[in-house]
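Student: Below are the sequence and a predicted model for it; my questions follow.
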Amino acid sequence: MSPPLPASDICEQARLSRDARFDGLFFTAVRTTGIYCRPVCPAPAPKATNVVYYPNAAAAEAAGFRPCLRCRPELSPADGHWHRGDDLVARALALIDQGALNEAPLADLAQRLHIGERQLRRLFVERLGAAPVGVHGTRRLLFAKQLLTETALPITEVALAAGFNSVRRFNAVFQDAYRMPPRDLREAPRESTGDALTLRLAYRPPYDLPAMLDFLRGRALAGIEVVDEVAYTRVIGTADAPGWLRVRAWPGKRGEPAPDALRLELHGCAPLRLQDTVQRVRRMFDLDADPHTIAMHLGHDARLAPLLRKRPGLRLPSGWDGSEIAVRAVIGQQVSVAAARTLTARLSKRFGTPLPEAFVAQGFAHLFPTPEALVDADFDGLGLIGSRIATIRGIAAALLDGRVDFDRARTLDDFVARWVALPGIGPWTAQYIALRALGHPDAFPAEDLVLQKTLPTGETRMTARALRAHAEAWRPWRGYAVFHLWREAAASVPAAPSIRPRGRSKRSPSP
């Protein structure tokens, strides 16, 4: 269930003090102006008698309020409670973020979730204060508002990026919701920067970006990814329309603290792919988590409490593409991270689509191979053993015929059951794929040898059954406990151990 709106006296105190800890946890609507704001809005505080509090932007807009142009509600951090878990509303929100309602009706979304349309609508209204269609409408309009404010994209392309099929429809919906045409948000013309776009992606602090980059750097694929001390860069898109992106900390203005946000630079990203690209980056860098909520829950465990204090901003590092993560997981079975990286780089170089010369300057050479390219590929000479080759081909075939997928409508148990049905995929590997491909907060590889050795404080080792039983109290955030324990294990040895998934072996040691 969603946590209730904070008590009115707490909301009032947070609003008057502009307490950033409550940013995104509630919104302040003013009856006399018809505008809703973040609690950190720098505008003069209205009288308490004119204020109404709402748990999210969609609820405020459903009540007829429009977003503040000064504090920009589209930049508030997400409510981490709905962070991609198995709760039905969480799964529905993840699908809405992916554009499930851009063209399809609500009935289709309800069917994917195996629930009635009326029941889905009732759950949204009870827990979020707005119907699914209202949540969807608010999110795409706020995304359009950010594009209009931060980029020089033509309004036609903004409309496409926000999920509208026509600029006329976009103008009408925007005018009706915000009492102004889209062009009025651009007080002055913005200078075009070619195909480059820069967007601010907010998160709820603390956030350990160096730890995130360190994890990704150790697994970066030559020709596809470049990771240095301050930024992550990779090629994206398709063979017909390739592009690239860079993610780094958002720089603060001179004399001012940097905002709690990452800076996303996009090059060659088509408008129709823009929303999906932003959502992938948010998932990959785990920007929608609420570290306070997670720490409060996991901190009751005596073994995890000091780890949470040591690394309060540790997040789940996901991958860019699900099929890529699945292939990399199989190649990494029973070998070191460095060896897995070398083998995967060979595979991607041979079967990935070569990129134009213009990409070479950024360190890119090819895209990662698609399932179509791998299903009947000749792996001779790559250094992969026969069982790994068979598993990779099996994954490619299963993705193509729909036996497995990365559908956010699925629960963790359903996802894992489908993957372990494939030859060469055991529980460890399936749970690892759930961690890295879905960013699932509760994925838990209980067969992991390092977890079995690291959780106890003595010299003992827990069995998978005992570890799984102990971790029941960690739900629904077991994935965060995994990374805290892995990080602790890596820091306790001279050379950082590899985190490598295993196949069907029940012993499957990782780092």
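Tutor: Received the coordinates, thanks. Numbers count the residues shown, from 1 in each chain.

Student: the strands in the chain, which residues?
Tutor: 27-30, 35-37, 51-54, 66-67, 196-202, 225-227, 231-237, 242-249, 261-267 (DSSP state E).

Student: So what are the sheet partners of the second one and their directions?
Tutor: Taking DSSP bridges as the criterion, strand 35-37 pairs within the sheet with strand 27-30 (antiparallel), strand 66-67 (parallel).

Student: What mean pLDDT does the first one get?
Tutor: It refers to strand 27-30. Mean per-residue pLDDT for strand 27-30: 97.

Student: contacting residues around it?
Tutor: 11, 15, 35-39, 41, 46, 50-57, 59-60, 63, 65, 73, 76 (CB atoms under 8 Å, 6 or more residues apart in numbering). To be clear about C-beta, it is placed using only N, CA and C from the backbone, and glycine gets the same treatment.

Student: quick one: that strand to chain centroid distance?
Tutor: Centroid displacement of strand 27-30 relative to its chain, using CA atoms, centre = their mean, to the nearest Å, is 27 Å.

Student: so where is the chain shaky, pLDDT-wise?
Tutor: Within the chain, the segments meeting pLDDT under 70 span 1-4, 80-84, 187-194, 458-459, 493-511.

Student: again, only this time at 50
Tutor: Applying pLDDT under 50 to the chain flags the ranges 1-2, 495-511.

Student: Report the central residue of it.
Tutor: The residue lying closest to the centre of the chain (CA atoms, centre = their mean) is Arg283, at 1.0 Å.

Student: hang on, it packs against Gly439?
Tutor: Yes: counting by CB atoms under 8 Å, Arg283 touches Gly439, with 4.8 Å between them.

Student: which among the contacts of strand 27-30 end up buried?
Tutor: Among those, the ones that count as buried by 16 or more other CB atoms under 10 Å are 11, 15, 35-39, 41, 46, 51, 53-57, 59-60, 65, 73, 76.

Student: Check the gap between the spatially closest residue to Asp321 that is not a sequence neighbour and Leu221 for me.
Tutor: Leaving aside its sequence neighbours, Asp321 sits nearest to Phe368 (CB to CB, 6 or more residues apart in numbering; 6.7 Å). Separation of Phe368 from Leu221 (CB to CB, to the nearest Å) stands at 7 Å.

Student: residue boundaries of the helices in the stretch 351-500 of the chain?
Tutor: Along the stretch 351-500 of the chain, the segments classed as helices by DSSP state H, counting those that start in this stretch run 371-374, 386-401, 412-420, 427-433, 449-454, 464-470, 478-491.

Student: angle of the second one against helix 412-420?
Tutor: Read that as helix 386-401. Interaxial angle of helix 386-401 relative to helix 412-420 (axes from the mean of the first three to the mean of the last three CA atoms, to 10 degrees): 120 degrees.

Student: Only the buried residues of helix 386-401, if you could.
Tutor: So for helix 386-401, counting by 16+ other CB under 10 Å, buried means Arg388, Ile389, Thr391, Ile392, Arg393, Gly394, Ile395, Ala396, Ala397, Ala398, Leu399.

Student: Then stretch 409-427?
Tutor: Ala409, Arg410, Leu412, Phe415, Val416, Arg418, Trp419, Leu422, Gly424, Ile425, Gly426, Pro427.

Student: How about stretch 220-236?
Tutor: For stretch 220-236, the neighbour count (16+ other CB under 10 Å) marks 220-227, 231-236 as buried.

Student: what's that stretch in contact with?
Tutor: With CB under 8 Å, 6+ apart as the test, stretch 220-236 has contacts from 210, 213, 216-217, 242-249, 269, 277, 320, 341, 344-345, 348-349, 352, 355, 359, 362-368.

Student: Report the buried members of those residues.
Tutor: Of those, these count as buried by 16+ other CB under 10 Å: 213, 216, 242-249, 269, 277, 320, 341, 344-345, 348-349, 352, 355, 359, 363-368.

Student: What is the burial count for Asp260?
Tutor: 19 (other CB atoms under 10 Å).

Student: One more: Asp378?
Tutor: Neighbour tally, Asp378, other CB under 10 Å: 9.

Student: Quick check: it vs Leu399, distance?
Tutor: For Asp378 relative to Leu399 (CB to CB), the value is 19 Å.

Student: now swap in Ile10 and tell me
Tutor: Look at Ile10 and Leu399: by CB to CB, they are 47 Å apart.

Student: Outline the domain layout of the chain.
Tutor: As recorded under automatic domain parsing, the domains making up the chain are 1-150+153-189, 322-491.

Student: circling back: mind listing what the residue nearest to Asp321 touches?
Tutor: Residues in contact with Phe368 (CB under 8 Å, 6+ apart) are Leu221, Ile224, Asp321, Glu324, Ser348, Gly352.

Student: Surely Arg346 is in contact with Leu382?
Tutor: Yes: counting by CB under 8 Å, Arg346 does reach Leu382; the two are 5.0 Å apart.

Student: From what I see, Ala489 and Val450 are in contact.
Tutor: Yes: between Ala489 and Val450 there is a contact under CB under 8 Å: 5.0 Å.

Student: Just the angle for the longest helix belonging to the chain relative to strand 196-202, thanks.
Tutor: Longest helix in the chain by number of residues (criterion: DSSP state H): helix 132-150. Using the same axes, to 10 degrees, the inter-axis angle of helix 132-150 relative to strand 196-202 is 120 degrees.

Student: gap between helix 132-150 and the chain center?
Tutor: 18 Å.
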